[in-house]
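# take a look and give me a structure for this.
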Amino acid sequence: MAEPLVLIPGLMCDTRLFADQIAACAPDRTVTVALPTQGERMEEIASNLLDQLPHRFALIGHCIGGGVAMEILRRAPERVQRLALISTSPLADTPQQAADRETVIVKARSGQLEEALKAVMPVDVLAPGPGRLGIQARYVEMGLALGPAAFERQIRALQRRRDQQATLRKIKVPTLLACGTHDQMTPVKRHEFMAELIRGSRFVEMPEAGHLLPIEQPAALTEALRGWLTAPPVPQPVI
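Numbers count the residues shown, from 1 in each chain. Next up is the predicted model:
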């Protein structure tokens, strides 16, 4: 049996975000979906998840799930055998970004969770076309299922996250970076920057996708992940 695979969904997403990837990978390996919903700091979320995960595993993180994946790698690099970061960022919130997030917390607290979800995932961060309203609706459905308390915890974790550039520079495992061309939330340039930090990493840009890449272009992402899962170890410099 191949190494276990752990998937961490993005902001207010659940298992449905990775439905196609799970279906493709489950016949060959154990697949675990780890929801990043317990804790108001990345460190707390990562610590809680590490207690539940296999000893060693391949790790995929989307959006906030990518931030948690980076924190898991920072805390326990010996347990992560492969890393895929999708539609995410290693940077901390600026003071202004953190302050701006308070608006959606207020909405969620006041019974307007659907409006808050649409504010954090507007259609313009998705690929253009008639299908994006339906994709946004699927996102809202996932978010409503998780509820307002999870929403506030995840937004707090984003506000308080640390800069992970130093973590990325230390990565020594096969690493895939993937981003949709139309992702205005975590744009292509951010992923190109991460690729420069991670020795031997591979970056894939998907032109028909935005921020919800796993459900906007599921087949293309699954194909990229298949290659990543079979990639040989990253060659290390001779000292």
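# my read: residue 199 touches residue 234, true?
Yes: here residue 199 reaches residue 234: they are 6.6 Å apart, a contact under CB atoms under 8 Å. C-beta here means a position set from N, CA and C on the backbone, and glycine is covered the same way.
# what touches both of those two?
residue 172 (CB atoms under 8 Å, 6 or more residues apart in numbering).
# the residue nearest the centre of the chain: what's it in contact with?
Geometric centre of the chain, nearest residue: residue 62, 1.4 Å, by CA atoms, centre = their mean. Taking CB under 8 Å, 6+ apart as the contact definition, residue 62 lies against 7-10, 13, 17-18, 86-88, 213-214.
# low-confidence regions, this protein specifically.
1, 235-239 (pLDDT under 70).
# contacts for the lengthiest helix in it, please.
Looking across the chain with DSSP state H, the single longest helix is helix 132-146. Helix 132-146 is contacted from outside by 12-14, 16-17, 35, 37, 113-114, 117-118, 121-123, 126, 151, 210, 212, 215-216, using CB under 8 Å, 6+ apart.
# go again using 10 Å as the cut-off
9-17, 35, 37, 108, 113-118, 120-127, 129, 150-151, 153-154, 182, 209-212, 215-216 (CB atoms under 10 Å, 6 or more residues apart in numbering).
# kindly report the same for stretch 44-52.
Residues outside stretch 44-52 that contact it (CB under 10 Å, 6+ apart) are 6, 8, 32, 34-39, 41, 64-65, 67-76, 79, 153-154, 157, 160.
# buried stuff in it?
44-47, 49 (16 or more other CB atoms under 10 Å).
# want to throw these into a markdown table with distance to residue 190 and secondary structure?
Below are the buried residues of stretch 44-52 laid out as a markdown table (distance: CB to CB, whole Å; DSSP: H, G, I helix; E, B strand; the rest coil):
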| residue | distance to residue 190 | secondary structure |
| --- | --- | --- |
| 44 | 25 | helix |
| 45 | 21 | helix |
| 46 | 21 | helix |
| 47 | 26 | helix |
| 49 | 24 | helix |
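# what is the nearest of those to residue 104?
residue 45 (18.8 Å; CB to CB).
# and for the closest residue to the closest one other than its chain neighbours, the neighbour number?
Nearest non-adjacent residue to residue 45, counting by CB to CB, 6 or more residues apart in numbering: residue 39, 4.1 Å away. Applying other CB atoms under 10 Å, we find 18 residues neighbouring residue 39.
# isn't residue 39 up against residue 156?
Yes: here residue 39 reaches residue 156: they are 8.8 Å apart, a contact under CB atoms under 10 Å.
# tell me which residues of the longest helix of the chain come out buried.
132, 135-136, 139-140, 142-143, 146.
# how about the helices in this protein?
Going by DSSP H, the chain shows helices at 19-25, 42-50, 64-75, 95-100, 102-109, 113-120, 132-146, 148-160, 165-169, 188-197, 213-216, 218-229.
# out of those, the one nearest residue 176 is which?
helix 218-229 (4.0 Å).
# centre of the chain to that closest one, how far?
On the basis of CA atoms, centre = their mean, to the nearest Å, helix 218-229 is displaced by 15 Å from the centre of the chain it belongs to.
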